[in-house]
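Q: compute the structure for the input listed below.
(one chain, ligands or ions: 1)
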Amino acid sequence: MATDPAPNVARILPSDRRFPDSPDGGQLACLCSRCGQPITEEEVEQDGPPIRVWPEEVDSEYRFHPRCFGVYEKETQ
Ligand SMILES: [Zn+2]
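A: Here you go, the predicted structure:
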């Protein structure tokens with residue numbers, strides 16, 4: 001099966017935004033690298049904490065809603 005992986009499956013995309021800060025999930029400044037929306041307290045409670053990815057040798061991070069990063073599967077059909 002040499003099909004392309006789903007676009008949201010556990011990989012950093014060139015379009016993902018990298019942040020120099022690292023606010024806790026639920027804070028207004030905690031935006032998702034992929035969808036750009038805040039990772040809210042409710043979402044943290046429901047889906048778990050944001051997924052954070054640190055690039056090597058760079059003082060910054062990517063962070064994602066678990067759903068956006070493709071690692072949340074409780075409610076997928
Ligand atoms: Zn998101």
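Q: need the residues of this protein near the ion, please.
A: Residues of the chain lying close to the ion by Cβ under 5 Å from the ion are 32, 34-35, 65, 68. Just so you know, the C-beta spots here come from the backbone N, C-alpha and C atoms, and that holds for glycine as well.
Q: of these, select the buried ones using a ChimeraX command.
A: Per 16 or more other Cβ atoms under 10 Å, the buried members of these correspond to this ChimeraX selection:
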select :32,34,65,68
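Q: among the residues of the chain next to the ion, which ones are in helices?
A: Cross-referencing the residues of the chain next to the ion against helices under DSSP state H gives Cys68.
Q: now the strands for this protein?
A: With DSSP state E, the ranges of strands along the chain come out as 51-53, 62-64.
Q: turn the residues of the chain next to the ion into CSV, columns for pLDDT.
A: Compiled in CSV, the residues of the chain next to the ion are given as follows (pLDDT from 0 to 100):
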residue, pLDDT
Cys32, 97
Arg34, 96
Cys35, 97
His65, 95
Cys68, 93
